[in-house]
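K.L.:
sequence-free structure coming up:
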């Protein structure tokens, strides 16, 4: 498994834009498929998605392959990811 984060310095482009900037956290497998995803917003709102909970009214699990290089992210530990999960 691979674990990484990405800071997003833009607001959402919807009615939740006032949530502010966000940091995204990903767990991917060796095929770079996103298995779990967490988004933590500046206002402390948190969204979580996985294969059993792929979407809700706020967003959804990233589709397709994603690598740390694709999003210019930072490697994090499994422990750091699961503290948020």
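P.N.:
That came in fine, so what should we check first? Since we're looking at a predicted model, the values are computed, not measured. Numbers count the residues shown, from 1 in each chain.
K.L.:
quick one: buried residues of stretch 32-43?
P.N.:
In terms of neighbour count (16 or more other C-beta atoms under 10 Å), stretch 32-43 has its buried residues at 34, 36-41. To be clear about C-beta, it is placed using only N, CA and C from the backbone, and glycine gets the same treatment.
K.L.:
what about those, which are in strands?
P.N.:
Judged by DSSP state E, the buried residues of stretch 32-43 include 34, 36-41 as members of strands.
K.L.:
would a markdown table of those residues with pLDDT be doable?
P.N.:
What follows is these, written out as a markdown table (pLDDT from 0 to 100):
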| residue | pLDDT |
| --- | --- |
| 34 | 97 |
| 36 | 98 |
| 37 | 98 |
| 38 | 98 |
| 39 | 98 |
| 40 | 98 |
| 41 | 97 |
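K.L.:
if we only consider those, which is nearest to residue 76?
P.N.:
Ranked by distance to residue 76 (C-beta to C-beta), these are led by residue 38 at 10.7 Å.
K.L.:
contacts only, for residue 51.
P.N.:
By C-beta atoms under 8 Å, 6 or more residues apart in numbering, residue 51 lies in contact with 35, 61.
K.L.:
next, give phi and psi for it.
P.N.:
The phi/psi pair for residue 51 (degrees, to the nearest 10) reads phi -70, psi -20.
K.L.:
let me know the closest of the buried residues of stretch 32-43 to residue 19.
P.N.:
Nearest to residue 19 among the buried residues of stretch 32-43, with distances taken as C-beta to C-beta, is residue 41, at 4.0 Å.
K.L.:
residue contacts, the closest residue to that closest one other than its chain neighbours?
P.N.:
Among residues not flanking residue 41 along the chain, residue 19 sits closest, at 4.0 Å (C-beta to C-beta, 6 or more residues apart in numbering). By C-beta under 8 Å, 6+ apart, the residues touching residue 19 are 11-12, 41-43, 45.
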